[in-house]
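Engineer: Just the structure for this:
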Amino acid sequence: MPLEVDWRLMFRVNDASGADRCVARTREVLPAEIVEAPKRYWKIPELWEVALRSAFASPSPTGVYELLRLADRLASNWYVIGPSVENDVVRVFEGVFDEKSGRPHVAGLSWASFSVGDFRTDAGV
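Structural biologist: Residues are numbered from 1 along each chain as shown. I've put the predicted structure just below:
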């Protein structure tokens with residue numbers, strides 16, 4: 001079961017072209033594929049959200065270290081839960097960044113999260 005990292009990022013920008021520029025800058029430091037294109041966040045219209053997905057490195061200790069390095073390239077002062085590892089498999093590893101308590105390293109980044117798991121659509125089949 002290959003694990004992946006599910007990223008959810010929110011950018012404070014004026015329009016879709018601004019969100020696209022932020023995503024392009026993000027992908028320069030975060031090797032990830034776009035899962036959901038940027039769209040306005042329904043609760044706060046000045047925020048644009050995007051979902052990305054990246055690979056989680058193996059073995060688990062390497063994956064944890066590499067993920068923390070990637071997160072630090074996006075922003076500082078993440079709130080991290082885990083990692084919880086059983087039999088060399090990551091069961092829980094998540095993080096959340098908020099510009100109110102941290103510092104973004106990508107212009108426009110306001111909020112971000114990551115979660116490690118098996119996100120394939122056919123998981124469990």
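Engineer: Tell me where this structure has strands.
Structural biologist: Using DSSP state E, the strands of the chain run over residues 4-12, 33-40, 47-55, 75-76, 79-86, 89-98, 103-104, 109-117.
Engineer: got CSV for the ones you listed, with mean neighbour count and mean pLDDT too?
Structural biologist: Using the backbone N, CA and C atoms, a C-beta is placed for each residue, glycine as well. Shown next, in CSV, are these (neighbours: other C-beta atoms under 10 Å; pLDDT from 0 to 100):
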stretch, mean neighbour count, mean pLDDT
strand 4-12, 22, 97
strand 33-40, 14, 96
strand 47-55, 19, 97
strand 75-76, 17, 97
strand 79-86, 13, 91
strand 89-98, 18, 93
strand 103-104, 16, 97
strand 109-117, 21, 96
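Engineer: looking at those strands, which is closest to residue 61?
Structural biologist: strand 79-86 (8.2 Å; C-beta to C-beta).
Engineer: So what are the sheet partners of the closest one and their directions?
Structural biologist: In the sheet, strand 79-86 lines up against strand 89-98 (antiparallel) (DSSP bridges).
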